[in-house]
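In: Need coordinates for the below:
(chains A, B, C and D)
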Number of protein chains: 2
Amino acid sequence: MTVTRNSRADVVRAAGRLFAARGYHGTSMRDLGRELGLQGSSLYSHITSKEDLLVEVVEAGAELFERSATRALEETEEPIERLRLLVGGHVGVVLDHLDEARTFLNEAQALERDHRAVVIKARDRYESVFRSVIRQGIESGELRPDLDVRMTAIYLLSVLNAIDRWYRPEGELDRDALVDSIMEFVVRGANRVR
Amino acid sequence: MTVTRNSRADVVRAAGRLFAARGYHGTSMRDLGRELGLQGSSLYSHITSKEDLLVEVVEAGAELFERSATRALEETEEPIERLRLLVGGHVGVVLDHLDEARTFLNEAQALERDHRAVVIKARDRYESVFRSVIRQGIESGELRPDLDVRMTAIYLLSVLNAIDRWYRPEGELDRDALVDSIMEFVVRGANRVR
DNA sequence: CCTACCGATCGGTAGG
DNA sequence: CCTACCGATCGGTAGG
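Out: Numbers count the residues shown, from 1 in each chain, chains lettered A, B, ... in the order given. Alright, predicted model coming up:
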């Protein structure tokens, strides 16, 4: 049995776990120390403040979502394919990086002003990728022309951001079926082909 | 200028305001006292614990949603009309009772086990109303028969529960237009009429 | 990474 | 509803 010291990355990951489960204000540095098998005060050899930890976890979440969007755009130019990749990528981030995703989505309000502003900008950029892909789908004739682009993006993201609230990987619905289900829900309502 | 004493209801309402804005763990009893212009310790002449306050706010939220669902069912028997009333009622609760709605939706995790279980049951009952109305829409032939009832209810509620994250009453979209927009998004995708 | 602390703040009580 | 507290816990530092 090897007892290794914790790395800074271990600390950030554990913080994500607790922030996602109990919230930032619901997590004390002593809770976090316990999670890692050390004293709360020992955490300060890795970080300089509790807020720092939140910033790192939230930024990790933001990066995961942004990278997913970039990949979707690089993979193909076909709008509906892009939309499916955006949905699949988002589902992947939520399911594979639940803690970072949840903290990014729910705990950004606990950040102080400047850092919160950065997060809001990252969210806007991410949402704008959805908007532009929806717009491309309209231009290509695959989505109906009277669609409200902004609203559609908001509704789709509402569905995606709520997944962690109900989805259980042990359930009957696997990841691909989930993506199909969401795509059907969204695109059937926006599809021109009748 | 009349300086009146605060009632218990005032305390609960103010608690809802702060819990919704900063979260339960992000709100101290002294914060709440300041909000009402009195000492933190004075709150204990109205209530017996901080957790009590959370229970009351969350239950107020639960009741508002349940009453909205009951009203929708009583108003009409036509499935699509019922669905519209459910959506309109939900939008009304979120916009007119934002603090209770937010606390109900986001802060129930801070409740201790027993009370949290009550909330989860209330949510299930509410969701089951959505499911049964969707089922009625399928039976009446207005919604397509291959629709996944559970998933459709979850997606619709995901859209509804995210409204407080982006909707601004000062914006161009008024309440009725919001309801129309959501109904179009959901029903067009589920509508049999082509 | 630990021990030993720090001042500040927490939820809550006693007694008016 | 206030004053005056209580013990516990908070984020964080010093010094090893």
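
In: and chain A, which of its residues are near DNA strand D?
Out: A:27-31, A:40-41, A:44-45, A:48-51 (CB under 7 Å from any atom of the strand). For the C-beta atoms, the positions are set from N, CA and C on the backbone; glycine is no exception.

In: Out of those, which end up buried?
Out: Listed as buried from the residues of chain A next to DNA strand D are A:Thr27, A:Met29, A:Lys50; burial here means 16 or more other CB atoms under 10 Å in any protein chain shown.

In: wouldn't A:Leu18 be in contact with A:Gly33 here?
Out: No. In this structure A:Leu18 lies outside contact range of A:Gly33 using CB atoms under 8 Å: 10.7 Å.

In: Looking at these two, which has the bigger crowd around it?
Out: For A:Leu18 versus A:Gly33, neighbours defined as other CB atoms under 10 Å in any protein chain shown are more numerous around A:Leu18 (21 against 18).

In: Is my assumption valid that that one occupies a position in a helix?
Out: Yes. Assessed by DSSP: H, G, I helix; E, B strand; the rest coil, A:Leu18 belongs to a helix.

In: what residues are up against it?
Out: Neighbour list for A:Leu18: A:Thr27, A:Asp31, A:Leu32, A:Glu35 [criterion: CB atoms under 8 Å, 6 or more residues apart in numbering or on different chains].

In: what about the residue positioned nearest the centre of chain A, which helix or strand?
Out: In chain A, the centroid-proximal residue (CA atoms, centre = their mean) is A:Ala101; its distance is 3.8 Å. Counting by DSSP states H and E, the element that carries A:Ala101 is helix A:98-106.

In: What's the first helix or strand after that helix?
Out: That would be, after helix A:98-106 and using DSSP H and E, helix A:113-139.

In: in that next one, what's buried?
Out: A:115, A:119, A:122-123, A:126-127, A:129-131, A:133-138.

In: again with stretch A:97-116
Out: Per 16+ other CB under 10 Å, stretch A:97-116 contains these buried residues: A:97-108, A:110-111, A:115.

In: Of those residues, which fall within the contact range of chain B?
Out: Contacts with chain B are made by A:Asn106, A:Ala110 out of the buried residues of stretch A:97-116, judged by CB under 8 Å from any CB of the partner chain.

In: Show me which pair in the buried residues of stretch A:97-116 is furthest apart.
Out: With CB to CB as the measure, no two of these lie farther apart than A:Leu98 and A:His115, at 21.6 Å.

In: and of the buried ones among the residues of chain A next to DNA strand D, the nearest to chain B?
Out: A:Thr27 (8.5 Å; CB to the nearest CB).

In: ok, the nearest residue to the closest one once chain neighbours are set aside to B:Leu111 distance?
Out: Leaving aside its chain neighbours, A:Thr27 sits nearest to A:Leu18 (4.3 Å; criterion: CB to CB, 6 or more residues apart in numbering or on different chains). As judged by CB to CB, to the nearest Å, A:Leu18 and B:Leu111 stand 18 Å apart.

In: Next one, pLDDT for A:Leu73 please.
Out: Among the per-residue scores, A:Leu73 holds a pLDDT of 98.

In: so it, which of the three states?
Out: Assignment for A:Leu73 (three-state DSSP): helix.

In: Confirm for me that it is in contact with A:Val129.
Out: Yes. A:Leu73 lies in contact with A:Val129 (CB under 8 Å); the separation is 6.9 Å.

In: count of residues packed around A:Arg13?
Out: Count around A:Arg13 with other CB under 10 Å applied: 19.

In: Could you report the distance from the residue nearest to A:Thr27 to A:Arg116?
Out: 20 Å.

In: buried set for the helix or strand harbouring A:Glu56?
Out: Assigned by DSSP H and E, A:Glu56 belongs to helix A:50-75. Within helix A:50-75, the residues that count as buried by 16+ other CB under 10 Å are A:50, A:53-62, A:64-66, A:68-69, A:72.

In: Alongside DNA strand C, which residues does chain A contribute?
Out: Counting by CB under 7 Å from any atom of the strand, the residues of chain A close to DNA strand C are A:Thr4, A:Arg5, A:Asn6, A:Gly33, A:Leu36, A:Gly37, A:Leu38, A:Gln39, A:Ser41, A:Ser42, A:Ser45, A:His46.

In: is it true that the fourth one touches A:Gln39?
Out: Yes. In terms of CB under 8 Å, A:Gly33 counts as a neighbour of A:Gln39; the distance is 5.2 Å.
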